[in-house]
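> Here is a sequence with its predicted model. Questions after.
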Amino acid sequence: MPSVGAGSVDIRSILGSVVNIIKSRANQICASTCDGLVLRMHYRWTFCVLIGCFLTVWYSWYHRDVITCVSHFNAETQVRLDYINICLSYPYIEENESRRYLLFYRWVSWALLVLAFVYYIPRKISKNFDNARCKKLLEDLAANAHRYDMAEKELVERAARYLIFNLKTHNGLYWKYLAVNVLSLVIDIFAMQYFDFMLQGRFMQYGIKSYPFDRDPQTFTDYMSQTFPPFASCELSNENQLVNKRTEKFGCHLTIMELYEKVFLGLWVWLIILSFITCCYIIFLLTMWLPCVKAYLLRAAKPAHVNDKVRGTIDNVSKNCKIGDIYLLYRLKSHLSHVRFYELMTRLSDPTMFNKQPQQTVPPGVTADNKDKMPPNKQDTLRNRRPNMPQDPPINPDYLHQLLSNPDMMARHSQQHPEQRTPLLKKGNTSILIE
């Protein structure tokens, strides 16, 4: 936090905190499916510009004299504060024998604040339109975009599996994204009309008529000085009930007008550029239906080890996918290398991809079980095979005849080892006993 001392503020700490916030927001990965650069130019860039203009004007209003008025009867003393309060709201200049009241002078800062919140509306709508699964897929791809090991192959497998199982279901995502961009253009047009109404019809052509910005510091007849006149008049008459049924006229210096003319010139230029970029981007989104634009969006550098033609792969993908799938592939392309994106395109261009089950990938460092690779007859043979133990020594036939002919020895032997009688008959030498 910036340190605040006794009557002093560390400006460097404040600027450092602001710069760090801007850097962190600028480096943040955009993984929303209904978000993009043009929308960020509205709800982030323009929002910050309007907030900055509001703070600049608001600071000038509360930390300097915004108006200085003197009476025509006594120009050496400042007029009363209650008179100045009226002159802040109702100053005027005379044009063609008529009066034009500068009703906006006092309320410019709050008008900028209101418009800043209007420009944040596309962000709230895009968050509600977002697809959670697509967003998670884009986040995983963006988080591992810098890796070149097996993790990228695993991500391609995930993307292919998701697209195969959810193919032709993303049209709603495309239309929602197009609708949010159209809403942003509507807000730009509204902002132009909003400022034009506030400045009494002098904002729409403000930058054009002010060019080449030749100022008239003597009579203030240039268009910029006429729009934001630094000097104005103020009249208190019998209707104001403050001057004892007399009419008194004041001459006033509106000191913030010099700031207004620069602020609104910058806003005029920015809104013109923003509206033009938004219109071009909406046209680009509408041209995604054209086959040539689809081929351009899905075009990738052909890997050296591939013999197929890229054009044929793109045509097959275009046939299998709808406009929403093309839009999603366009978003995935920015997070994958050309080789991996071409591999993804190859998976989607296969006509029999719906009948194929996705292969299970083995994590790095883990070997597959050899039992799964052997045919069933081999597995049964190995399962029934006896463990590898040393074989019993060959038995002498004379010893067996002698053992069977002696009943005492057989009885004693069966008492000591009753469990060995049955295994003894199961050995492979039973043919000797029969003989």
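Perfect, thanks for sending it.

> Give me the longest helix you can find in this protein.
For the chain, the helix reaching the highest residue count under DSSP state H is reported as helix 257-286.

> Buried ones in the helix or strand just after it, by neighbour count?
Of the helices and strands lying after helix 257-286 in sequence (DSSP states H and E), the nearest is helix 291-297. Counting neighbours by 16 or more other C-beta atoms under 10 Å, one finds that the buried residues in helix 291-297 are Lys294, Leu297. Any C-beta I mention is one placed from the backbone N, CA and C, and that applies to glycine too.

> Mind giving me the packing neighbours of helix 291-297?
With contacts taken as 3 or more C-beta pairs under 8 Å, 6 or more residues apart in numbering; DSSP states H and E, helix 291-297 sits against helix 310-320, helix 323-333.

> can you tell which of those helices is closest to Phe117?
Nearest of these to Phe117, taken as C-beta to C-beta: helix 323-333 at 28.4 Å.

> what angle do that closest one and helix 310-320 make?
Using axes from the mean of the first three to the mean of the last three C-alpha atoms, to 10 degrees, the direction of helix 323-333 lies 130 degrees away from that of helix 310-320.

> Begin at 2, not 1, for the rest of this chat.
Okay, residue one is now 2; in that scheme the one you just asked about reads as helix 324-334.

> For helix 324-334, give me every contacting residue.
Identification of contacts with helix 324-334 by C-beta atoms under 8 Å, 6 or more residues apart in numbering yields 34, 135, 138-139, 142, 160, 164, 168-176, 178, 289-290, 295, 298-299, 301, 318-319, 322, 342, 345-346, 349.

> Do me a favour and average the pLDDT over it.
In this model, helix 324-334 has an average pLDDT of 87.

> Can you mark which positions in the helix or strand following it are buried?
Downstream of helix 324-334, the first helix or strand assigned by DSSP H and E is helix 339-350. Using 16+ other C-beta under 10 Å as the test for burial, helix 339-350 gives Val340, Arg341, Phe342, Tyr343, Glu344, Leu345, Met346, Thr347, Arg348, Leu349, Ser350.

> can you check stretch 35-44 too?
Going by neighbour count (16+ other C-beta under 10 Å), the buried part of stretch 35-44 is Cys35, Asp36, Gly37, Val39, Leu40, Arg41, Met42, His43, Tyr44.

> cool, stretch 122-133 as well?
Within stretch 122-133, the residues that qualify as buried are Ile122, Pro123, Arg124, Ile126, Ser127, Phe130, Asp131, Asn132, counting by 16+ other C-beta under 10 Å.

> Out of those residues, the closest to Gly208 would be?
Nearest to Gly208, judged by C-beta to C-beta, of those is Pro123 at 24.9 Å.

> just the strands in this structure please.
Remark: strands assigned in the chain by DSSP state E are 68-72, 93-96, 99-102, 232-237, 249-255.

> Show me what the second one is packed up against.
So the one you mean is strand 93-96. Counting by 3+ C-beta pairs under 8 Å, 6+ apart, the packing neighbours recorded for strand 93-96 are strand 99-102, strand 232-237.

> out of those strands, which comes closest to Phe196?
Among the helices and strands packed on strand 93-96, strand 99-102 comes nearest to Phe196, with 16.8 Å by C-beta to C-beta.

> Sheet partners, orientation included, of the closest one?
Here strand 99-102 has these sheet partners by DSSP bridges: strand 93-96 (antiparallel).

> For the strand it pairs with, which outside residues touch it?
Residues outside strand 93-96 that contact it (C-beta under 8 Å, 6+ apart): Arg100, Arg101, Tyr102, Leu103, Gln227, Pro230, Ala233, Ser234, Cys235, Glu236.

> how distant is it from the center of its chain?
A distance of 49 Å separates the centroid of the chain from that of strand 93-96, by C-alpha atoms, centre = their mean, to the nearest Å.

> In PDB, list the C-alpha atoms belonging to it.
Once non-C-alpha atoms are left out, strand 93-96 reads as follows in PDB (Å, rounded to 0.1, in the frame of the first residue of the first chain):
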ATOM      1  CA  TYR A  93     -24.400  31.200 -20.800                       C
ATOM      2  CA  ILE A  94     -22.900  32.800 -23.800                       C
ATOM      3  CA  GLU A  95     -24.600  34.900 -26.400                       C
ATOM      4  CA  GLU A  96     -24.800  33.600 -30.000                       C
END
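
> State the mean pLDDT of that strand.
Average pLDDT, strand 93-96: 88.

> pLDDT below threshold where in the stretch 52-201 of the chain?
Applying pLDDT under 70 to the stretch 52-201 of the chain flags residues 76, 146-151.

> which residue ranges form the helices in it?
All helices of the stretch 52-201 of the chain, identified by DSSP state H, counting those that start in this stretch, fall at 82-90, 109-119, 122-130, 133-144, 151-166, 172-199.

> ok, back up a step: next, the buried residues of the longest helix of the chain.
For helix 258-287, a neighbour-count test (16+ other C-beta under 10 Å) marks 258, 260-262, 264-266, 268-269, 271-272, 275-276, 279, 282-283, 286 as buried.

> what comes into contact with stretch 184-200?
39-40, 43, 105, 108-109, 112, 116, 119-120, 122-123, 126, 203-205, 207, 228, 265, 268-269, 272, 275-276, 279-280, 283.

> swap in stretch 102-109?
The contact list for stretch 102-109 (C-beta under 8 Å, 6+ apart) reads 58, 89-94, 112, 199-201, 230, 233, 255, 257-258, 261.

> distance between the ends of that stretch?
Chord length of stretch 102-109, first to last residue, is 14 Å (C-alpha to C-alpha, to the nearest Å).

> Centre of the chain to that stretch, how far?
Chain-centre distance of stretch 102-109: 38 Å, with C-alpha atoms, centre = their mean.

> would you list the helices and strands packed on strand 93-96 in a markdown table and tack on distance to Arg65?
Output for these, formatted as a markdown table (distance: least, C-beta to C-beta, whole Å):
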| stretch | distance to Arg65 |
| --- | --- |
| strand 99-102 | 23 |
| strand 232-237 | 17 |
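
> measure Met193 to Leu272 for me?
Distance, Met193 to Leu272, using C-beta to C-beta, to the nearest Å: 6 Å.

> Glu249 too?
Counting by C-beta to C-beta - Glu249 and Leu272 are separated by 41 Å.

> same thing with Lys263?
Look at Lys263 and Leu272: by C-beta to C-beta, they are 15 Å apart.

> Equivalent analysis for Lys125, please.
Noted for Lys125: a distance of 21 Å to Leu272, by C-beta to C-beta.
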